[in-house]
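> No letters, just coordinates:
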């Protein structure tokens with residue numbers, strides 16, 4: 001058996017990313033472990049979920065810095081599934097999450113695109 005556990009997300013700064021993902025998006029800080037030098041192993045993920053999480057990785061090189069906010073080349077690259085779209089959409093707006101569009105109903109469910117603090121595009125989706 002295999003499980004996808006982490007997806008690297010390039011960030012400019014560990015602490016600002018933690019604040020946004022935890023305080024604004026409502027994720028849990030699962031781990032923040034110092035490594036060598038000023039590196040850290042930082043994992044964040046949805047509250048109450050044991051599924052995949054983000055590994056927040058501070059960009060170190062010019063090519064990594066250029067990719068911050070463009071992880072998926074300006075496409076939706078991440079999909080946050082919910083069991084109650086209306087509840088989570090309203091809570092996210094109240095905490096300051098920016099939605100790039102109004103919610104819409106598709107054959108696969110209710111969905112709206114939102115942006116993280118760097119401009120990465122996410123779908124908030126309640127499957128049909």
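Here it is on my side, so go on. Because the structure is predicted, anything quoted here is derived from the model rather than measured. Numbers count the residues shown, from 1 in each chain.
> And the next helix or strand past the longest helix along the chain?
If you go by DSSP state H, the chain has its longest helix at helix 85-94. With elements assigned by DSSP states H and E, the helix or strand that comes after helix 85-94 is strand 98-99.
> Just name whatever secondary elements that next one is in contact with.
helix 85-94, strand 109-115 (3 or more Cβ pairs under 8 Å, 6 or more residues apart in numbering; DSSP states H and E). (Glycine included, C-beta is placed from N, CA and C.)
> if you compare those, which one is most tucked away?
Among the helices and strands packed on strand 98-99, strand 109-115 has the highest mean neighbour count (mean count of other Cβ atoms under 10 Å), at a mean of 17.
> Give me the contact list for that one.
For strand 109-115, contacts defined as Cβ atoms under 8 Å, 6 or more residues apart in numbering pick out 76, 85, 89, 92, 97-104, 121-128.
> ok, then the element right after that strand?
Past strand 109-115, the next helix or strand by DSSP H and E is strand 121-127.
> Can you mark which positions in the helix or strand that contains residue 16 are buried?
Residue 16 is part of helix 14-19 when elements are defined by DSSP H and E. By 16 or more other Cβ atoms under 10 Å, the buried positions in helix 14-19 come out as 14, 17-18.
> Which residue comes closest to residue 46 once chain neighbours are left out?
residue 27 (5.8 Å; Cβ to Cβ, 6 or more residues apart in numbering).
> need the contact list for the one you found.
21, 44-47, 54.
> Of those, grab the buried ones for PyMOL.
Those of the contacts of residue 27 that count as buried under 16+ other Cβ under 10 Å are selected in PyMOL with:
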select buried, resi 21+44+45+46+54
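> quick one: which two of the contacts of residue 27 are the most distant?
47 and 54 (13.6 Å; Cβ to Cβ).
> Look up how far residue 45 lies from residue 84.
Using Cβ to Cβ, to the nearest Å, residue 84 is found at 18 Å from residue 45.
> same question, residue 25
Residue 25 sits 10 Å away from residue 45, going by Cβ to Cβ.
> Domain map for this protein?
Here the domain assignment for the chain is 1-68, 70-128, based on automatic domain parsing.
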